[in-house]
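*Asks:* fold the stuff below for me.
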Amino acid sequence: MTTSTTVKLTPGKRVLFLTKDPELIKKQLAGELDLRMEDLTVADLLDDVNTDAMTPAWACFNHRPEDLAVHAYAGLTLDGERLFPDHALMSGDFEVIVSGERKGVGSSRETAVQAEKWSGIRVAIADSFAPIHARNNVNQGVLMAGHDVLQRLQAGEEIGLDAFMDGYDTITRLIVEHGGLFPFYAALARGDIDLPPLGTGKRPLTMVEKIISSHLLDGQGGPYVKPGDAVLVKVDGGYSHEFTTAQVGYFLEQESGADYSVSDPSKFAVFEDHLIYADGVEKMAPFSDKIETLRVLQREFQAHTGVRDYSATDGRSPGICHQVAREEFIDPGDFIQATDSHTCMGGGNNALAFGVGATEYAALVESGFTFIRVPESIRFEFVGELGPGVAAKDVMLWILWKYAREGKTLDRVMEFGGPGLATLDMDERATLANMATECSAKSGICEGDDIATEWIAARRDGVSQDDVRARMVAADAGAEYAGGVHTIDLSEIRSLVATPGDPDQGIPSDPTNGALIDDIGDVRIDIAYGGSCTAGKETDLDLYAKVMRDAVEAGRKVADHVCCYIQFGSTTVEAYAREKGYLDVFEKAGVEIISSGCGACIGCGPGVSTNPDQVTVSAINRNYRGRSGPGRLYLASPLTVAASAVEGRIVAYREGMFAPLPA
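*Replies:* Next comes the predicted model:
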């Protein structure tokens, strides 16, 4: 449908509208209905179509895009039933797909774009796109535009390619014009492309601008950058996991042949963490062969390239990639890329880190550099100190409710600083950075200080505190924040909860608060889950143990009707908990302990709900429908999860809250 300069709908091809009315979707898929944009309003279209719905975790066991596309939109369900049967999208002769706001939120999985592209989709229409998803579309050569462009296409107009590149920087335009990232890199290698020189003059820089300017590939000028500048930058390191590595290797072999290589293997790693418990999950049994194939292909990739190896040993994972990476090799000032949306957790170490798709990752591990458009920033200046029973997770739930749902964090780097940051330890800072992706932000990054210096140096052999301190990055005085500077008094944050459906969906009790736990009523729970990269760190274990110790001392334990799980983020965290005596406390409280891995957070391990009537309170980072089973999932802090497990309903933790049960 596309020439080098124009786009026109192909005769006989169709447009699929993802409407809020599921019956309209069914009729379109059945070939009984063809809609036009003028038949609908944007309000009729589905918002927040997330990547889990486009390609649920089990569909990603297919690493070849053509096989994956069979299951496109398998996660879009109604009353537990799929709206899209297998082959539905690819057999419908669709080349345009249409939705409402924030298309592609959630995981960074590029499989979502691949499922559409290999089903015949060439144009995605939406009011807005989540940043990583938009980048994946660009890299795969799928065009994006707004609803006004669709009306013109459906009117028969042949539209210039410029209409699909509104607001694009010069390099992104080149990628689109060449049909995707790999064709662009090939043209660059042939010398067919001259990179546009930077013309930004001296100016005060934010933290992200400083890191990017220090990583510029030679020949682009500099050293100053500003938001919107399109640049190629060196990458310090990155990682993939068994959900994504096979596809990275597949793309590299397709593009460079069987003798492909990685630019600097010491900088990159593979992890076996996401599917570590898949063999014990009944619903995963039909996919056991595909899962084992992914494991085998990852091991082959590691042996072929020589990247760092964090494979499982005797069925035990060394830990969740984001947690292990911050423990072992992400340093201040680093630029890190990995194939997972929670890569931004590395920002707690004063680094710039964010997730990319398999195509982009394959290109950067081979070349050692990648493209980035300098993002805008939004700064959160913390003052005060969190009160009893409140954790960093509550801070992020409040920011989600107060700022993210209004779009203030969209595609921006969330910068965390101020005197209040010094009251949060490194694990709590990692929670802040980790959940930047739930805010649809580009990334999150925390200021460095003595706390960060000591924590990082203690975990690096042969590295002194002076070495770490010398790498720290701080914003310049007078740096510009397009998203503004927002002061948050930590002492005013209360225990919050996100109600099922989306991390920013809360019940506001007044104009200054998000969803206070007291506002949701009496919510009886069946499952309490503490774990994941967001909530399986050492400090999180401190919080779970604090609550459970209080309960045990009061003669209480996990409620009889509740299954409570606590999962470690890494073997290091497990060793810490064992040394602290927490395992004995958890055993007495009736908690089930799980070794490190992603588990229930991706619907693959103990703690997943099994029917729609079950209610879970969880410390994971996102609660999209079906993310962790078919039940209703509430998000909360580790303190709230543990307290709720004992009480049998969602409650905020308070010192001395556990009275002995009546005899």
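
*Asks:* name the helices or strands packed onto the longest strand belonging to the chain?
*Replies:* In the chain, taking DSSP state E as the definition, the longest strand is strand 377-383. With contacts defined as 3 or more CB pairs under 8 Å, 6 or more residues apart in numbering; DSSP states H and E, strand 377-383 has these neighbours: helix 207-214, strand 413-417, strand 485-489. Just so you know, the C-beta spots here come from the backbone N, C-alpha and C atoms, and that holds for glycine as well.

*Asks:* avg pLDDT for the first one?
*Replies:* Here the mean pLDDT over helix 207-214 is 97, rounded to a whole number.

*Asks:* then that helix to CSV, C-alphas only?
*Replies:* What follows is helix 207-214, C-alpha atoms only, in CSV (Å, rounded to 0.1, in the frame of the first residue of the first chain):
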residue,chain,number,x,y,z
MET,A,207,20.4,14.1,34.2
VAL,A,208,19.2,12.3,31.1
GLU,A,209,20.6,15.0,28.8
LYS,A,210,23.9,14.8,30.5
ILE,A,211,24.1,11.0,30.1
ILE,A,212,23.1,11.2,26.4
SER,A,213,25.6,13.9,25.7
SER,A,214,28.4,11.9,27.2
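
*Asks:* run the angle between it and strand 413-417 for me.
*Replies:* Here helix 207-214 runs at an angle of 110 degrees relative to strand 413-417 (axes from the mean of the first three to the mean of the last three CA atoms, to 10 degrees).

*Asks:* for helix 207-214, what is the distance to the chain centroid?
*Replies:* 22 Å (CA atoms, centre = their mean, to the nearest Å).

*Asks:* residues contacting the spatially most central residue of the chain?
*Replies:* Centroid check for the chain by CA atoms, centre = their mean gives residue 341 as the closest residue, at 2.7 Å. Counting by CB atoms under 8 Å, 6 or more residues apart in numbering, residue 341 touches 106-109, 132, 354-355, 437.

*Asks:* assign the nearest residue to residue 638 once chain neighbours are set aside to helix, strand or coil.
*Replies:* Excluding the flanking residues, the one nearest residue 638 by CB to CB, 6 or more residues apart in numbering is residue 543, at 4.1 Å. Following DSSP: H, G, I helix; E, B strand; the rest coil, the label given to residue 543 is helix.

*Asks:* got the domain ranges for the protein?
*Replies:* Per automatic domain parsing, the structural domains of the chain span 6-166, 233-373, 496-663.

*Asks:* circling back: how much space between the closest residue to the residue nearest to the centre of the chain other than its chain neighbours and residue 520?
*Replies:* Distance criterion CB to CB, 6+ apart; nearest residue to residue 341, sequence neighbours excluded, is residue 108 at 3.7 Å. Using CB to CB, to the nearest Å, residue 108 is found at 30 Å from residue 520.

*Asks:* residue 356 now?
*Replies:* Applying CB to CB, one obtains 36 Å for the distance of residue 356 from residue 520.

*Asks:* so which of the helices and strands packed on strand 377-383 is nearest residue 336?
*Replies:* Among those, helix 207-214 comes nearest to residue 336, with 10.1 Å by CB to CB.

*Asks:* give the next helix or strand downstream of that closest one.
*Replies:* strand 230-234 (DSSP states H and E).

*Asks:* distance from the next helix or strand after that following strand to the middle of the chain?
*Replies:* Downstream of strand 230-234, the first helix or strand assigned by DSSP H and E is strand 237-241. Distance of strand 237-241 from the chain centroid (CA atoms, centre = their mean) equals 14 Å.

*Asks:* buried residues, strand 237-241. List them.
*Replies:* Neighbour-count burial for strand 237-241 flags 237-241 (criterion: 16 or more other CB atoms under 10 Å).

*Asks:* let me have those in TSV, extended by distance to residue 420 and pLDDT.
*Replies:* Shown next, in TSV, are the buried residues of strand 237-241 (distance: CB to CB, whole Å; pLDDT from 0 to 100):
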residue	distance to residue 420	pLDDT
237	30	96
238	31	97
239	31	98
240	35	97
241	34	96
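
*Asks:* farthest-separated two in those residues?
*Replies:* Among the buried residues of strand 237-241, 237 and 241 lie farthest apart (CB to CB), at 14.6 Å.

*Asks:* quick one: residues contacting residue 320.
*Replies:* By CB under 8 Å, 6+ apart, the contact list for residue 320 reads 271, 273, 532-533, 536, 569-570, 596-598.

*Asks:* just to check, residue 366 is in contact with residue 264?
*Replies:* No: contact criterion CB atoms under 8 Å: residue 366 and residue 264 do not qualify, at 10.6 Å.

*Asks:* could you measure from residue 447 over to residue 419?
*Replies:* As judged by CB to CB, residue 447 and residue 419 stand 10 Å apart.

*Asks:* those two: which is more packed in?
*Replies:* Here residue 447 and residue 419 are compared on neighbour count by other CB atoms under 10 Å; more neighbours surround residue 447, at 20 against 12.

*Asks:* for the nearest residue to the more buried one once chain neighbours are set aside, list the residues it contacts.
*Replies:* Using CB to CB, 6+ apart and skipping the chain neighbours, the partner closest in space to residue 447 is residue 417 (4.0 Å). Contacts here follow CB under 8 Å, 6+ apart; on that basis residue 417 touches 379-382, 446-447, 475.

*Asks:* among these, which one has the most neighbours?
*Replies:* Neighbour-wise, these (other CB under 10 Å) top out at residue 446, 28 neighbours.

*Asks:* give me the phi and psi angles of that one.
*Replies:* According to degrees, to the nearest 10, the main-chain angles of residue 446 amount to phi -100, psi 150.

*Asks:* go ahead and confirm it touches residue 429.
*Replies:* Yes: Residue 446 is within contact range of residue 429, at 4.5 Å (criterion: CB under 8 Å).

*Asks:* how about low-confidence regions in this structure?
*Replies:* Within the chain, the segments meeting pLDDT under 70 span 1-4, 502-516, 663.

*Asks:* do that again at 80, thanks
*Replies:* Low-confidence segments of the chain (pLDDT under 80): 1-4, 106-108, 195-196, 222, 280-284, 501-519, 602-604, 623-627, 660-663.

*Asks:* buried stuff in the lengthiest helix in it?
*Replies:* Identified as the longest helix of the chain according to DSSP state H is helix 288-305. Using 16+ other CB under 10 Å as the test for burial, helix 288-305 gives 290-291, 293-295, 297-299, 301-302, 304-305.

*Asks:* stretch 304-324 now?
*Replies:* Of the residues in stretch 304-324, 304-305, 307-308, 310, 312, 317-324 count as buried by neighbour count, 16+ other CB under 10 Å.

*Asks:* want to throw these into JSON lines with secondary structure?
*Replies:* Putting the buried residues of stretch 304-324 into JSON lines (three-state DSSP) gives the following:
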{"residue": "304", "secondary structure": "helix"}
{"residue": "305", "secondary structure": "helix"}
{"residue": "307", "secondary structure": "coil"}
{"residue": "308", "secondary structure": "strand"}
{"residue": "310", "secondary structure": "strand"}
{"residue": "312", "secondary structure": "coil"}
{"residue": "317", "secondary structure": "coil"}
{"residue": "318", "secondary structure": "coil"}
{"residue": "319", "secondary structure": "strand"}
{"residue": "320", "secondary structure": "coil"}
{"residue": "321", "secondary structure": "helix"}
{"residue": "322", "secondary structure": "helix"}
{"residue": "323", "secondary structure": "helix"}
{"residue": "324", "secondary structure": "helix"}
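
*Asks:* just name the closest of the residues you listed to residue 423, please.
*Replies:* Once CB to CB is applied, the member of these that ends up nearest residue 423 is residue 323, at 22.1 Å.

*Asks:* which one is that closest one nearest to, not counting chain neighbours?
*Replies:* Spatial nearest neighbour of residue 323, chain neighbours left out: residue 569 (3.9 Å); criterion: CB to CB, 6+ apart.

*Asks:* quick check: the farthest pair among the contacts of residue 417?
*Replies:* Maximum pairwise distance in these, criterion CB to CB, is 14.3 Å, between 382 and 475.

*Asks:* wait, isn't residue 364 in contact with residue 236?
*Replies:* No: using CB under 8 Å as the test, residue 364 is too far from residue 236 to be in contact (10.9 Å).
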